[in-house]
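In: Pasting a predicted model and its sequence here:
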There are 2 protein chains.
Amino acid sequence: MMFCFLNGRIIPQHEATLQISDLALLRGFGIFDYLQQKNGIPIFIEDYFNRFYHSASLMGLEIPMDREALAQDVFALIAKNQMPHSGLRFILTGGYSPDSFTPTKPNFFILEQPLQIPDNQLFEKGIKLMTHHHTREVSEVKSINYMVPILLQERWKAENAYDVLYVDDVFVTESSRSNFFIVSKDDILITADRNALKGITRKKVIDLAMEIMGVEIRDVKKSEIYEAKETFITSSTKGVLPVVLIDEHVVGDGKVGEWSKQLIQKFNNLQEDYIESRSKKTRRQ
Amino acid sequence: MMFCFLNGRIIPQHEATLQISDLALLRGFGIFDYLQQKNGIPIFIEDYFNRFYHSASLMGLEIPMDREALAQDVFALIAKNQMPHSGLRFILTGGYSPDSFTPTKPNFFILEQPLQIPDNQLFEKGIKLMTHHHTREVSEVKSINYMVPILLQERWKAENAYDVLYVDDVFVTESSRSNFFIVSKDDILITADRNALKGITRKKVIDLAMEIMGVEIRDVKKSEIYEAKETFITSSTKGVLPVVLIDEHVVGDGKVGEWSKQLIQKFNNLQEDYIESRSKKTRRQ
């Protein structure tokens, strides 16, 4: 039996319910965040907490505990479920609204779930993305609103794409649940800033890349895709996942590039180092 | 005690809950609709059902009963609560998703709630709207996604506005929960078609207006606001509500115009006639 955290208590997941007056149900109003835990270590938890508290603040919602108390709840949930490797989904809603429109005291839950990690061969062969004209409504907030990609899901599968890539008239911003990077012909790593979610994996990859290559964080023109040597997406479940096909355009020579391979390795090492260092710390305590 | 309808059963509202794996909670994925009932008569129920089933179809969600069975459930709920005048909120969600992303068998509930009708004096003096650069994501669907207006609510209240008016670079489309109309200098009633929800009150007002004036349903330029004689919004709770101030621009002479007054009266009459005719039908049965 899986357990979850709901409004201060750890309870069986199938018993966890919210009343139907919650503003996430009535108005899609809520935020979320998502991170991995491995062997009891929630990876980069400090960064995810920073973003989660920031999203809450932008939405005018109060997380009902401080970071230290929340971390204790996370560790208690992980200890209860005893999964060696999983995803933790944090959801904070607008609460039980008296007028079905105005946010009130939030409801807060954490679901621990099996990880959905891409097959190994996708990292070796690369994936296809399907472009779509779209910009998320409040792009700085990691909100629960995923109506557009859920509606597009069947279409991108029909095109043998792995996910969607959001573009507007001029620029390319992000994928539905990942950030998007290109490596230019002169070996500069480039990713969008405006209208792209500030991914934690994005940030780690930027930091790692700065040790080995030039990095630019700025608006990225769609035309730059067609001149790029390599492209990839990043997220907490995908790490660095190479993209070799965008609609019908073959990126570079159509194979996973050397920069991508290096960054996959470097990011995996960073995760392992983080887990190792936290495990030691936990053992010492 | 208020009752609601949830997945086939009429139960006390405070006992009505959904599991936290519902896709409306995790991904904001769901649709809704909203209509008034007065003295047991759900007003224009056929039109609202048409839209609700259409939204569900566009979202790939199946409403778990046909219109006749749904109407029976609506009448049973009204009979149980015995409210003389109320609002009925229909919500259909993406269901308990196994992967937190793919829609499955929907959850469906109906909440009966006290009506929030504008004060009488607002119909006599008119209201202010605050413009905001925004277009709803999937404008043909009445989805549960109201993140943008909920976030804007405090700002429009600070500006003494009643609601927001969505514009883009060139056009004006709709308000957050209402359609928007202008009466041009040459007495043509104009309302947006693209990127505006197909409101039931909008449709009724268009039909009524066609008996007395010219009507155009087409893209409406922002510049037309500033030349308009009258403007108003329409919705199921507001009927026809005159707008006399848009940001700092005074519409026409700043008073509620004659066309608006006529359409307020005509729409109220249409509602009363509908209720009257259905009451007779019900009594005959």
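Out: Ah, there it is.

In: where exactly do the helices run in the stretch 51-200 of chain A?
Out: A:67-81, A:120-125, A:147-158, A:200-209 (DSSP state H, counting those that start in this stretch).

In: Which of these sits closest to B:L270?
Out: helix A:147-158 (33.3 Å; C-beta to C-beta). For the C-beta atoms, the positions are set from N, CA and C on the backbone; glycine is no exception.

In: Mind listing what's buried along the lengthiest helix in chain A?
Out: Looking across chain A with DSSP state H, the single longest helix is helix A:258-284. If you call a residue buried by 16 or more other C-beta atoms under 10 Å in any protein chain shown, then helix A:258-284 has these buried ones: A:W259, A:S260, A:L263, A:I264, A:K266, A:F267, A:L270, A:Q271, A:Y274, A:I275, A:R278.

In: deepest of the helices of the stretch 51-200 of chain A, which one?
Out: Of all those, helix A:200-209 carries the top mean neighbour count, a mean of 20, counting by mean count of other C-beta atoms under 10 Å in any protein chain shown.

In: ok, then the element right after that helix?
Out: Next along the chain after helix A:200-209, taking DSSP states H and E as the criterion, comes strand A:214-217.

In: okay, that following strand in CSV with CA atoms only?
Out: The C-alpha trace of strand A:214-217 is given here as CSV (Å, rounded to 0.1, in the frame of the first residue of the first chain):
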residue,chain,number,x,y,z
GLY,A,214,30.2,29.2,-23.8
VAL,A,215,26.6,29.6,-22.5
GLU,A,216,24.0,32.1,-23.6
ILE,A,217,20.6,32.5,-21.7
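
In: separation between the residue nearest the centre of chain A and B:D187?
Out: Centroid check for chain A by C-alpha atoms, centre = their mean gives A:S235 as the closest residue, at 4.6 Å. When distance is defined by C-beta to C-beta, to the nearest Å, A:S235 is 56 Å away from B:D187.

In: what about A:I182, neighbour count?
Out: Neighbour count of A:I182, defined by other C-beta atoms under 10 Å in any protein chain shown: 24.

In: Then A:S139?
Out: 17.

In: swap in the one 5 residues further on?
Out: Summarising burial for A:I144: neighbours were counted as other C-beta under 10 Å, giving 24.

In: ok, back up a step: does the residue nearest to the centre of chain A have beta-bridge partners, and which?
Out: Listed by DSSP bridges, the beta-bridge partners for A:S235 are A:G239.

In: That one and A:K204 touch, don't they?
Out: No. Counting by C-beta atoms under 8 Å, A:S235 does not reach A:K204; the two are 11.2 Å apart.

In: Sketch out the low-pLDDT regions of chain A for me.
Out: A:282-285 (pLDDT under 70).

In: quick one: contacts of stretch A:146-162?
Out: Applying C-beta atoms under 8 Å, 6 or more residues apart in numbering or on different chains, the external contacts of stretch A:146-162 come out as A:28, A:118, A:122, A:127-130, A:132, A:134, A:163-164, A:176-177, A:241, A:245, B:23, B:27-29, B:59-60, B:94, B:101-103, B:137-138, B:143, B:145.

In: can you list the residues of the stretch 101-250 of chain A near chain B?
Out: Taking C-beta under 8 Å from any C-beta of the partner chain as the contact definition, the stretch 101-250 of chain A meets chain B at A:101-103, A:109, A:111, A:113, A:116, A:134, A:137-138, A:143-148, A:150-151, A:153-154.

In: redo that, cut-off 6 Å
Out: A:F109, A:E137, A:S143, A:I144, A:N145, A:Y146, A:M147, A:V148, A:I150 (C-beta under 6 Å from any C-beta of the partner chain).

In: I'd like the helices of the stretch 51-200 of chain A laid out as CSV, including distance to B:T231.
Out: Below are those laid out as CSV (distance: least, C-beta to C-beta, whole Å):
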stretch, distance to B:T231
helix A:67-81, 48
helix A:120-125, 54
helix A:147-158, 30
helix A:200-209, 44
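
In: Which among those helices is found nearest to B:K38?
Out: Comparing these against B:K38 with C-beta to C-beta, the closest turns out to be helix A:147-158 (32.6 Å).

In: Export the closest one to CSV, keeping only CA atoms.
Out: What follows is helix A:147-158, C-alpha atoms only, in CSV (Å, rounded to 0.1, in the frame of the first residue of the first chain):
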residue,chain,number,x,y,z
MET,A,147,-4.5,21.4,-20.7
VAL,A,148,-2.7,22.2,-23.9
PRO,A,149,-0.1,19.4,-23.8
ILE,A,150,-2.7,16.8,-22.6
LEU,A,151,-4.9,17.7,-25.6
LEU,A,152,-1.8,17.5,-27.9
GLN,A,153,-0.6,14.2,-26.6
GLU,A,154,-2.4,12.0,-29.1
ARG,A,155,-1.2,14.2,-32.0
TRP,A,156,2.4,14.1,-31.1
LYS,A,157,2.3,10.3,-30.6
ALA,A,158,0.7,10.0,-34.0
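
In: How far off centre is it?
Out: Relative to its parent chain, helix A:147-158 has a centroid offset of 18 Å by C-alpha atoms, centre = their mean, to the nearest Å.

In: cool, stretch A:167-175 as well?
Out: 18 Å.

In: same check, this time on stretch A:54-62
Out: With C-alpha atoms, centre = their mean as the basis, the mean position of stretch A:54-62 lies at 18 Å from the chain mean.

In: Can you give me the end-to-end span of it?
Out: End-to-end distance for stretch A:54-62: 10 Å, by C-alpha to C-alpha, to the nearest Å.

In: ok, back up a step: which pair in the residues of the stretch 101-250 of chain A next to chain B spans the largest distance?
Out: The largest separation in those, counting by C-beta to C-beta, is between A:F109 and A:V148 at 24.1 Å.

In: Distance check, A:T102 against A:N81.
Out: 35 Å.

In: again but with A:Y34, I slipped
Out: 16 Å.

In: again, but for A:F101
Out: Per C-beta to C-beta, A:F101 is found 36 Å from A:N81.
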